[in-house]
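**Q** any chance you can model this:
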Amino acid sequence: LVENDKIDKAIAELKKYKDSSNTDFFEAKILLISESIKKKDYSLALDYLNTLKVIEDNDNFKKITYETLKNYINLFLYKKIDNTKNEYGKFSEINYAFQKCYLDINSSNSYFLNLINSDDGRDYSRYLYFYLNNIVRNKDFFSAKQIASTINVLNSTLLISQSKKFIENKNYNDLITPFSCKNPEDLLSEFFFLISNLYNAQNKIKASNFYLKVSMYLNKKFYFNLSLLAENYYVTENFNKSKKVLREFKGKGSFYNWYRIKKIAQIISIEENEKQSLKYIKRELKLFDNPNYKILFDVANIYKNFEKYDEAINYYNLVLKKIELGTDTHADVLYRRGSSFERMKIYDSADNDLIKSLEISPGDPYVLNYLAYSWLERKYKIDVAMNMLLDAYNYTENNPYIIDSLGWAYFLIGDYDKAEKYINQAMQLRPNDPVIMNHYADILWKIDRKLEANYFWKGVLKIGEFKDIDEDELKRKLIFGLDNL
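**A** Here you go, the predicted model:
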């Protein structure tokens with residue numbers, strides 16, 4: 001029933017058979033607690049919560065759910081924060097920030113900022129939305145505009161990109177209506193969304209969907225979270241349900257509307273073909289009067305992924321007209337346009353873009369690798385390319401493609417022992433990559449390990465991916481080896 005969005009009916013059934021042992025399970029209590037919160041009957045919610053304690057389960061996420069729900073329900077009942085130790089790390093910090101916000105404690109904003117600026121390697125940018133939501137509610141539009149101006153939509157999440165758009169267009173109600181930290185239902189909705197994400201990260205999609213549905217039951221206004229549901233259905237190949245969820249985004253903000261179009265296009269490419277996918281994108285793109293550069297950038301990347309490089313270049317040109325020059329974004333667009341030129345064998349334009357990209361962002365290992373590998377393939381400036389690859393290798397750790405490129409450079413200058421060392425390392429990291437496997441086979445042939453070379457060439461043929469490999473040449477290698485090509 002929950003999976004089919006019939007939570008009210010599921011709750012009614014649980015109440016109907018409340019004395020049955022069949023209703024004494026964790027998820028049943030979660031539904032009953034959620035209904036009690038919606039009815040503002042926090043004492044009843046606490047009663048239901050106390051029954052969770054007797055349900056034995058080794059699921060750590062359930063323990064987190066129980067402890068955090070207890071903190072929230074006590075907060076709603078007694079207007080006090082439980083000052084117990086920070087048992088669950090950042091998860092506890094997140095909920096502590098929301099609880100401070102609920103009590104209207106001024107320091108709550110500093111807690112959101114601490115999360116946003118956390119340096120533990122995880123992405124906490126989501127909490128920028130709640131920070132902006134809070135300051136806009138307090139009519140501090142100037143600070144909101146200043147912060148929005150620093151957001152780069154090319155490397156921001158959907159939620160943050162859309163928040164920037166709301167603020168730029170002064171659509172402040174669209175920003176604050178979906179969520180209020182003074183509303184218990186909204187707070188628990190966000191909490192259950194976090195739990196859904198935890199299960200998603202463990203690839204427990206069914207559990208993720210359950211908590212996501214409960215989250216939406218508590219706060220239907222926060223439609224942004226539906227993107228996770230659409231992704232969950234997509235990864236489990238339930239494309240009809242994914243499309244149904246995606247249609248909810250139509251007219252709900254340009255970034256989420258564009259996300260809808262992109263995701264449906266992906267599904268069309270799987271269910272039909274790339275041609276129909278691109279046709280759909282072209283049709284839907286006409287709905288945007290003045291597409292944001294993020295949308296144009298995505299379209300360019302889609303064409304590039306479909307190997308429509310001339311169209312990709314046209315869209316990268318449009319992006320370059322809309323962005324600030326000399327920035328990391330500028331360097332990234334040049335890199336992508338340059339690699340499109342390279343694919344079309346327009347090498348002067350490719351080199352020009354890639355070199356300009358490096359002038360803006362010196363030492364970018366991926367641009368260094370791409371340009372150097374292109375030169376190696378053309379047997380152009382091999383010594384310079386080698387130095388570039390050594391720099392790229394030193395800037396990164398365990399990147400199989402950069403390691404492969406360095407190994408291939410040693411192959412081209414005839415240092416087969418070093419070539420084998422590096423490409424063997426790349427093979428350990430990406431054992432089924434056909435390009436790396438093909439390179440490794442070539443090296444093995446040169447160091448007189450011909451049986452192994454044939455084994456790996458056959459492996460490449462079996463994989464059957466020839467985007468970056470000459471299939472006819474591969475078949476000749478299997479017959480004649482490298483010496484008679």
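**Q** ok, Asp123 - how many residues close by?
**A** 8 (other Cβ atoms under 10 Å). Just so you know, the C-beta spots here come from the backbone N, C-alpha and C atoms, and that holds for glycine as well.
**Q** ok, Asp82 - contacts?
**A** 70-71, 74-75 (Cβ atoms under 8 Å, 6 or more residues apart in numbering).
**Q** ugh, typo on my part, it should be Ile264
**A** Contacts of Ile264 by Cβ under 8 Å, 6+ apart are 243, 246, 280.
**Q** if we can go back for a sec, in helices, which of the contacts of Asp82 appear?
**A** Within those, residues falling in helices by DSSP state H are 70-71, 74-75.
**Q** ok, back up a step: turn the contacts of Asp82 into TSV, columns for pLDDT.
**A** Listed next are the contacts of Asp82 as TSV, based on pLDDT from 0 to 100:
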residue	pLDDT
Lys70	91
Asn71	91
Asn74	92
Leu75	94
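**Q** mind checking the SS state of the nearest residue to Glu67 once chain neighbours are set aside?
**A** Counting by Cβ to Cβ, 6 or more residues apart in numbering, Glu87 is the residue found nearest to Glu67 once chain neighbours are left out, at 7.2 Å. Here Glu87 is coil, with the state taken from DSSP: H, G, I helix; E, B strand; the rest coil.
**Q** local confidence estimate at the residue nearest to Tyr347 when sequence neighbours are not counted?
**A** Excluding the flanking residues, the one nearest Tyr347 by Cβ to Cβ, 6+ apart is Arg378, at 6.9 Å. On pLDDT, Arg378 comes in at 89.
**Q** phi and psi next, for Arg378.
**A** Backbone torsions for Arg378, taken as degrees, to the nearest 10, come to phi -90, psi 0.
**Q** that one and Phe288, how far apart?
**A** 39 Å (Cβ to Cβ, to the nearest Å).
**Q** then Asn273?
**A** For Asn273 relative to Phe288 (Cβ to Cβ), the value is 24 Å.
**Q** now the element after the helix or strand harbouring Asn95, going C-ward?
**A** If you go by DSSP states H and E, Asn95 is part of helix 90-102. Going down the chain from helix 90-102, the next helix or strand is helix 108-116, by DSSP H and E.
**Q** quick one, helices of the stretch 51-200 of the chain?
**A** Remark: helices assigned in the stretch 51-200 of the chain by DSSP state H, counting those that start in this stretch are 60-78, 90-102, 108-116, 126-137, 141-149, 158-168, 172-176, 184-201.
**Q** export those helices to TSV and tack on distance to Gln266 and mean neighbour count?
**A** Formatted as TSV, the helices of the stretch 51-200 of the chain follow (distance: least, Cβ to Cβ, whole Å; neighbours: other Cβ atoms under 10 Å):
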stretch	distance to Gln266	mean neighbour count
helix 60-78	29	18
helix 90-102	31	20
helix 108-116	30	18
helix 126-137	23	21
helix 141-149	29	14
helix 158-168	15	22
helix 172-176	27	16
helix 184-201	18	21
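**Q** okay if I get the ones you listed as CSV plus distance to Leu49?
**A** Listed next are the helices of the stretch 51-200 of the chain as CSV, based on distance: least, Cβ to Cβ, whole Å:
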stretch, distance to Leu49
helix 60-78, 6
helix 90-102, 15
helix 108-116, 24
helix 126-137, 25
helix 141-149, 37
helix 158-168, 30
helix 172-176, 30
helix 184-201, 12
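**Q** weakest of those in terms of mean pLDDT?
**A** helix 108-116 (a mean of 86).
**Q** give me the contact list for the helix or strand where Leu44 lies.
**A** Secondary structure from DSSP H and E places Leu44 in helix 42-52. With Cβ under 8 Å, 6+ apart as the test, helix 42-52 has contacts from 24, 26, 29, 32-33, 36-37, 66, 69-70, 73-74, 76-77, 184.
**Q** buried residues in that helix?
**A** 42, 44-46, 48-49, 52 (16 or more other Cβ atoms under 10 Å).
**Q** same question for stretch 237-246.
**A** 239, 241-243, 245-246.
**Q** residues in contact with that stretch?
**A** Contacts of stretch 237-246 (Cβ under 8 Å, 6+ apart): 226, 229-231, 233-234, 259-260, 263-264, 267, 270-271.
**Q** tell me which of the residues you listed fall in helices.
**A** Short answer: the contacts of stretch 237-246 in helices (DSSP H) are 226, 229-231, 233-234, 259-260, 263-264, 267, 270-271.
**Q** which one of the residues you listed is nearest Tyr293?
**A** Closest approach to Tyr293 among the ones in helices among the contacts of stretch 237-246 (Cβ to Cβ): Tyr259, at 15.8 Å.
**Q** report pLDDT for the closest one.
**A** In this model, Tyr259 carries a pLDDT of 94.
**Q** nearest spatial neighbour of Gln425, skipping sequence neighbours?
**A** Closest to Gln425 by Cβ to Cβ, 6+ apart is Ile403, at 5.3 Å.
**Q** nope, Asp391 is what I meant
**A** Closest to Asp391 by Cβ to Cβ, 6+ apart is Leu368, at 5.8 Å.
**Q** dump the contacts of Asp82 to CSV, plus distance to Phe456.
**A** Below are the contacts of Asp82 laid out as CSV (distance: Cβ to Cβ, whole Å):
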residue, distance to Phe456
Lys70, 57
Asn71, 56
Asn74, 62
Leu75, 61
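**Q** just to revisit the earlier point, which one of the helices of the stretch 51-200 of the chain lies nearest to Phe222?
**A** Of those, nearest to Phe222 by Cβ to Cβ is helix 184-201, at 6.2 Å.
**Q** give me the distance between the residue nearest to Glu67 and Asn71.
**A** 11 Å.
**Q** one more: Asn305?
**A** 45 Å.
**Q** repeat for Glu231
**A** 29 Å.
**Q** ok, now Lys279?
**A** Lys279 is 51 Å from Asn71, by Cβ to Cβ.
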